[in-house]
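Engineer: next comes the sequence, and after it the predicted model I'd like to discuss.
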Amino acid sequence: GWRREKSKQLFQLLLTYRSSMLDRDQICEHLWPETDPDIAQRNFKTALNTLYRVLEPEREPGKSSSFIVRDGTTYRLRRTADLWLDAEEFAETTRQVSSATPPDLGLLQRAVSLYAGEYLPETLYETWAAEERERLSALFLEIADQLAGMHLELKQYAEVIEHCQRILAQDNCWERAYRYMMLAYDHLGDRGQVGRTYQRCVQTLQDELDVPPSKETEMLYASLTR
């Protein structure tokens, strides 16, 4: 019902700001931005109590929570809480990827596999989730691009195409993904797909950004169809 839905949103907010203490007024502003402050605070209290019951049904009233830290009117998720977050694991693995020299294929594959798509897709219209969504998306695009390039060097063309399709599903203007796919299809002898990929690139860039492909993409296409 309403209480469970609001407690879920509160939990998602605390997850998103897991490294910060959030004041009750900030929480109310995020979750009930156009509600009278007194009503918003009542909503918060209801949502918080429901969340406590969902997370720790056995917890005695008044005892401190194993999941949520409270300090006066500020709240946050406890750092030692027994939680596994795919977003946290993904971000940590991308940090390991960036510090690995030479690039580690296994780490790249693990990082890409951990990215499950848009962060909290049910909060697409909530401004408080947008920054984290964009941060994780940007990390994914960079490492998926790196992985596709590595597969290309290793002549693993089906994997190149698979990762490029994931990149373009996330950002259909990521031009290098079109180039990688054109090269992969060329190596597989599929000239028709080389042309279709280039035309898709041209059309998408025109529709989305009103720009032509870069000289690099045009020259690659010319060299593959010569």
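Structural biologist: Now that the structure is in, tell me what you want to look at.
Engineer: which helix or which strand is home to I39?
Structural biologist: Element membership for I39 (DSSP states H and E) is helix 37-55.
Engineer: average pLDDT across that helix?
Structural biologist: Mean per-residue pLDDT for helix 37-55: 94.
Engineer: quick check: buried residues in that helix?
Structural biologist: Residues 40-41, 43-44, 47-48, 50-52, 55 are the ones in helix 37-55 that count as buried (16 or more other Cβ atoms under 10 Å). The C-beta positions use only the backbone N, C-alpha and C, and glycine is treated the same way.
Engineer: contacts for that helix?
Structural biologist: Residues outside helix 37-55 that contact it (Cβ atoms under 8 Å, 6 or more residues apart in numbering): 3-4, 6-7, 9-11, 24-25, 27-29, 31-32, 35, 59, 65-68, 75.
Engineer: repeat that with 6 Å
Structural biologist: The contact list for helix 37-55 (Cβ atoms under 6 Å, 6 or more residues apart in numbering) reads 3, 6-7, 10-11, 27-28, 32, 67.
Engineer: what's the answer for stretch 214-226, then?
Structural biologist: Residues contacting stretch 214-226 (Cβ under 6 Å, 6+ apart): 175, 179, 186, 194, 198.
Engineer: from the chain's centre, how far out does that stretch sit?
Structural biologist: Put simply, stretch 214-226 sits 32 Å off its chain's centre (Cα atoms, centre = their mean, to the nearest Å).
Engineer: picking up where we left off before, which one of the contacts of helix 37-55 is nearest A111?
Structural biologist: The closest of the contacts of helix 37-55 to A111 turns out to be F11 (Cβ to Cβ; 25.3 Å).
Engineer: so where do the strands sit in this protein?
Structural biologist: Secondary structure of the chain, counting by DSSP state E: strands at 22-23, 68-71, 74-77.
Engineer: measure the nearest residue to D171 once chain neighbours are set aside to I167 for me?
Structural biologist: Spatial nearest neighbour of D171, chain neighbours left out: L141 (5.8 Å); criterion: Cβ to Cβ, 6 or more residues apart in numbering. Distance, L141 to I167, using Cβ to Cβ, to the nearest Å: 6 Å.
Engineer: more neighbours: the two, which one.
Structural biologist: Each of L141 and I167 has its neighbours counted (other Cβ atoms under 10 Å); I167 has more, 23 against 18.
Engineer: that one against A144, yeah?
Structural biologist: Yes - between I167 and A144 there is a contact under Cβ atoms under 6 Å: 5.0 Å.
Engineer: what's near enough to touch the nearest residue to E142 once chain neighbours are set aside?
Structural biologist: Sequence neighbours aside, T94 is the residue nearest to E142 in space, at 7.8 Å (criterion: Cβ to Cβ, 6+ apart). By Cβ under 6 Å, 6+ apart, the contact list for T94 reads 111, 139, 143.
Engineer: so who does the last one touch?
Structural biologist: Same thing as I143. Counted by Cβ under 6 Å, 6+ apart, I143 has contacts 94, 97, 108, 111.
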